[in-house]
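*Asks:* can't give you the sequence, but here's the structure:
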């Protein structure tokens, strides 16, 4: 499966979806003008990928220093999808990466973690 | 892109719309409820996160305000103005308080160039262009070099402001403004004090120049109305008056009399603005002149002098040492003009009178002491002398160096009485008038003048002269026998230099005649004598007037004055500092400039010249005595020896280099956009100076050093 | 210690060339060539490829500014310092625009030369420009 890479911009994060290494990463800031439009392709890719995923471990790294409300929804949708897959016995690890200096970032991670049950969701200090 | 819940809802919606009586089981409802709950939960979570984000934002905002406030506080109290602007030169909103104090309020949104250089379009252009050049330049080095060319000082609202430039990221410029008015005021104060000192020095060392100017100006002030000739148009009068004012300004400037310079400059400006006025009337000119308190101006400067030098300085009698050449030629010129142009008769006669008054002595006046003197001598010898007056010579001026000659004439008169005039008895016996007569006529001819002093006394005894000459071993009998009457009479002028008492007194005409001859010959004149024994003698003293050389064109060319002086002063100043500070060569004299005619200039051995064009159109020539040039060469070359074969080339090179440095440095004014083009220097030989107009005035300055002289010429050639 | 540079001197004045040579050699540099006008300066540059050029602004025939342009055309990295007796902003600005890297005002002194050269080759110099008072 082809990898998907999207370069970061001022208002959108760098997206690196790698089917070979099985590492998906979202890094930067997320407040694109049209969130749905921006995340459409990555989500599509993810669907395909998860289908094909067997028992390899999938690592999802998220390092966002800023994200707007629309992006929060996207993230939660993402976690839902991943949780579903995880319940399907797929091996998935989500790492929420935050900067020690940035207390708020940790808090956001905690908020997300609160609603997550079966998915492995780690809060990782950078 | 839809979430799980959204898809679920969509599913049911689709199912509903597909069939009217779709049946939903409790399971369906459960699924829907679950989906709804999940959505609801997600929404809450999003809101919660959003709230948190807003809190964070608020905190950041407060911190930002705080910091901004602190920084602002720092800047506002820094006593320096900080402001920034982008490539559009529009001032940003954030600037420190000092900026307002210095540049005015409400700066944001204004164009920085407009604020700094309110009316000066050229400077505005240059600033913007230069700043853009700096940012377009990539290399830091060149950038820095360009930055160094930007204006470092500016005056806004009568405050002197120093400007430092910083280039920031984000296409922004920042400037730091510092108020240096106090420093500038102090600088000006010191400069003023120095000027006063200089004025005092000049006045004390050359009081003649000072008094001349003072008198001239007082006269100008008194006679100002006369300069407006009602027969001429206002424009013509304006032109003349302007010229005079400008000349006075220059003269006062030379003497460092600052107040007069300042006031005259203002007057000049006023007059100059009239030039473009339509329908200018003489009345207008009159008004302007009348309103000028010239005496007041002079008084102010004089007051300063008086304060320092004391009142007695002004009471001292002053002798005028005027350049005789100049006087003589003024006279000639005026005489010529009088013939050609009767309209100005009054002015010129006035001037003549003034010259006479200033000079104090016409020939007539100079000799007028003699009649009285003669009477005294006659009286002491109990001889009777008829009254006589000096006739003629009222229109001949006696230059200072005529004085010895005039003084020597005492001998003529004395001898006339001593040896010429007989005593009363003898005269009566000879049936001569009891009152002897001596006469003194002065004839004014074109090329010369003659003083004819005659008496009706004894006449000259040639035989006696012969005898004396032989006794004194001055001539042999043989020589004497071969002389003509005229030649014999001329023996009278022989003075015997021997200190031998016996021969000290020659009978006939005594000592002193030789002195007269010597003096007149110094003036390139000659003395001759006619005599008839028993009847009297006549001495004819002839002095040529044409020995004083070419006419100096005293008609000043207004335009030339401006251009020459504009260049002359800084060039001479720089030349002075170059010699003294750079080359450590002491200058012995005070640099004074005079205007000379082209053929009076003697160029020195080594000479180079440059031409300046642009705002002015003038040439500068500097020539050097060889010794001085070699000294400069030596200094420049740091003492290294130069081979004889190369010396000529080196001398040429250094003479060009020096004029290059001096004029280049002198005419560089970083705060003035005047553009001058200076040519590369050329070497010229003596006779090569090409002049456009023989009567051009050339400003001429000599700097005298222990190694020789540097001659600086500025003019149109 | 400053790096020793190969320098081309361009000036139509004999005494200036001699003077500059002496000053520059005194600072430890080597003069690879001298040129007496703009035209020959370009040929000299092409031949000797000096690391630094000192260029007189006013010369007969081709002036310094044109010469700088042409030298920079040949070698975009050329280092040229203008030497001028009058720092008339407009002229110097043009020279800098043409690619000169600095300028010196006559009369020339070793200090001025060292400073101007130092600015160009500063990465090779270790002295900082931050002046400090003497230690008591």
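*Replies:* Looks like it came in fine. Remember, predicted model here, so these are calculated numbers, not experimental data.
*Asks:* quick one: pLDDT of residue 42?
*Replies:* Going with chain A. On pLDDT, residue A:42 comes in at 93.
*Asks:* Oops, wrong one, chain B.
*Replies:* For residue B:42, pLDDT reads 84.
*Asks:* separation between it and chain C?
*Replies:* 58 Å (CB to the nearest CB, to the nearest Å). (Each C-beta comes from the backbone N, C-alpha and C, glycine too.)
*Asks:* show me what contacts that residue?
*Replies:* Each residue near residue B:42 by CB atoms under 8 Å, 6 or more residues apart in numbering or on different chains is listed here: A:73, A:76, A:115, B:3, B:5.
*Asks:* Mind telling me what element the spatially closest residue to residue B:116 that is not a sequence neighbour is part of?
*Replies:* Leaving out its chain neighbours, the residue that sits closest to residue B:116 by CB to CB, 6 or more residues apart in numbering or on different chains is residue B:154, at 5.2 Å. According to DSSP states H and E, residue B:154 maps onto strand B:153-156.
*Asks:* For that strand, which strands pair with it and how are they oriented?
*Replies:* In the sheet, strand B:153-156 lines up against strand B:159-168 (antiparallel) (DSSP bridges).
*Asks:* Counting neighbours, show which residues of the following helix or strand past the partner strand come out buried.
*Replies:* Sequence order places strand B:172-179 as the next helix or strand after strand B:159-168, per DSSP H and E. Of the residues in strand B:172-179, B:173, B:175, B:176, B:177, B:178, B:179 count as buried by neighbour count, 16 or more other CB atoms under 10 Å in any protein chain shown.
*Asks:* Contacts for the biggest helix by length in chain C, please.
*Replies:* Counting by DSSP state H, the longest helix found in chain C is helix C:14-26. Residues outside helix C:14-26 that contact it (CB under 8 Å, 6+ apart): B:633, B:636-638, B:640, B:649-650, B:652-654, B:657, C:7, C:9, C:11, C:31, C:34, C:36, C:54, C:56, C:83, C:108-110, C:113.
*Asks:* Downstream of that helix, the next helix or strand is which one?
*Replies:* In the C-terminal direction, the helix or strand that comes right after helix C:14-26 (DSSP H and E) is strand C:30-35.
*Asks:* Is that following strand positioned near chain B?
*Replies:* No. Using CB under 8 Å from any CB of the partner chain, strand C:30-35 never reaches chain B; the gap is at least 13.0 Å.
*Asks:* ok so, going back, angle of the longest helix of chain C against strand C:30-35?
*Replies:* 160 degrees (axes from the mean of the first three to the mean of the last three CA atoms, to 10 degrees).
*Asks:* follow-up on the earlier one: which ones among the contacts of helix C:14-26 lie within helices?
*Replies:* Among these, DSSP H puts B:633, B:636, B:649, B:650, B:652, B:653, B:654, B:657, C:110, C:113 in helices.
*Asks:* Pull the number of nearby residues for the nearest residue to the last one once chain neighbours are set aside.
*Replies:* Taking CB to CB, 6+ apart, and ignoring the residues beside it in sequence, residue C:113 has residue C:23 as its nearest neighbour in space, at 5.6 Å. Look at residue C:23: counted by other CB atoms under 10 Å in any protein chain shown, it has 19 neighbours.
*Asks:* Which residues belonging to the lowest-mean-pLDDT helix or strand in chain C are considered buried?
*Replies:* Using mean pLDDT, DSSP states H and E, helix C:89-98 stands out as the lowest-scoring helix or strand of chain C, at a mean of 80. Residues C:89, C:91, C:92, C:93, C:94, C:95, C:96, C:97, C:98 are the ones in helix C:89-98 that count as buried (16+ other CB under 10 Å).
*Asks:* ok, now stretch B:236-251?
*Replies:* B:237-238, B:241-251.
*Asks:* Please apply the same query to stretch B:451-467.
*Replies:* In stretch B:451-467, counting by 16+ other CB under 10 Å, buried: B:451-462, B:465-467.
*Asks:* still on that earlier bit, which among the contacts of helix C:14-26 count as buried?
*Replies:* The buried subset of the contacts of helix C:14-26 (16+ other CB under 10 Å) comprises B:633, B:636-637, B:650, B:652-654, B:657, C:7, C:9, C:11, C:31, C:34, C:36, C:54, C:56, C:83, C:108, C:113.
*Asks:* returning to that earlier point: which parts of the longest helix of chain C are buried?
*Replies:* C:14, C:15, C:16, C:17, C:18, C:19, C:20, C:21, C:22, C:23, C:24.
*Asks:* Show me where chain A has its strands.
*Replies:* A:4-6, A:14-18, A:23-30, A:57-67, A:91-98, A:120-125 (DSSP state E).
*Asks:* Give me every residue in contact with the helix or strand encompassing residue B:266, excluding its own residues.
*Replies:* Using DSSP H and E, residue B:266 maps to helix B:258-274. With contact meaning CB under 8 Å, 6+ apart, helix B:258-274 is reached by B:192, B:195-196, B:199, B:217, B:238, B:241-242, B:245-246, B:248-249, B:252-253, B:280, B:284-285, B:288, B:292, B:294, B:297-298, B:300-301, B:304.
*Asks:* May I see the buried residues of that helix?
*Replies:* Buried, per 16+ other CB under 10 Å, within helix B:258-274: B:258, B:259, B:260, B:261, B:263, B:264, B:267, B:268, B:271, B:274.
*Asks:* Tell me the bridge partners for the spatially most central residue of chain A.
*Replies:* Nearest residue to the geometric centre of chain A (CA atoms, centre = their mean): residue A:62, 5.1 Å. With DSSP bridges as the criterion, residue A:62 is bridged to residue A:26, residue A:96.
*Asks:* For residue 99, give me its contacts.
*Replies:* Reading this off chain A. Residues in contact with residue A:99 (CB under 8 Å, 6+ apart) are A:65, A:105, A:125, A:126.
*Asks:* meant chain C actually
*Replies:* By CB under 8 Å, 6+ apart, residue C:99 lies in contact with B:142, C:68, C:69, C:71, C:72, C:76, C:78, C:80.
*Asks:* again, but for residue B:159
*Replies:* Residue B:159 makes contact with B:102, B:179, B:181 under the criterion CB under 8 Å, 6+ apart.
*Asks:* Now tabulate these in JSON lines and tack on distance to chain C and pLDDT.
*Replies:* Below are the contacts of residue B:159 laid out as JSON lines (distance: CB to the nearest CB, whole Å; pLDDT from 0 to 100):
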{"residue": "B:102", "distance to chain C": "24", "pLDDT": "89"}
{"residue": "B:179", "distance to chain C": "24", "pLDDT": "90"}
{"residue": "B:181", "distance to chain C": "24", "pLDDT": "87"}
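*Asks:* Which one of the residues you listed is nearest to chain A?
*Replies:* Closest approach between the contacts of residue B:159 and chain A, by CB to the nearest CB: residue B:102, at 37.5 Å.
*Asks:* thought residue A:35 was touching residue A:72?
*Replies:* No. In this structure residue A:35 lies outside contact range of residue A:72 using CB atoms under 8 Å: 9.7 Å.
*Asks:* out of these two, which sits in the more crowded spot?
*Replies:* Neighbours per residue (other CB under 10 Å) separate residue A:35 from residue A:72, with residue A:72 holding more: 24 against 20.
*Asks:* hang on, the more buried one packs against residue B:49?
*Replies:* Yes. With contact defined as CB under 8 Å, residue A:72 reaches residue B:49; the gap is 4.9 Å.
*Asks:* Can you check which residues contact both of those two?
*Replies:* Going by CB under 8 Å, 6+ apart, no residue sits against residue A:72 while also sitting against residue B:49.
*Asks:* So which of the contacts of residue C:99 sit within helices?
*Replies:* Mapping those onto helices (DSSP H) picks out B:142, C:68, C:69, C:71, C:72.
*Asks:* burial count for the last one?
*Replies:* Using other CB under 10 Å as the criterion, residue C:72 is surrounded by 16 other residues.
*Asks:* Give me the distance between residue B:291 and residue C:34.
*Replies:* Plainly put, residue B:291 is 64 Å away from residue C:34 if you go by CB to CB, to the nearest Å.
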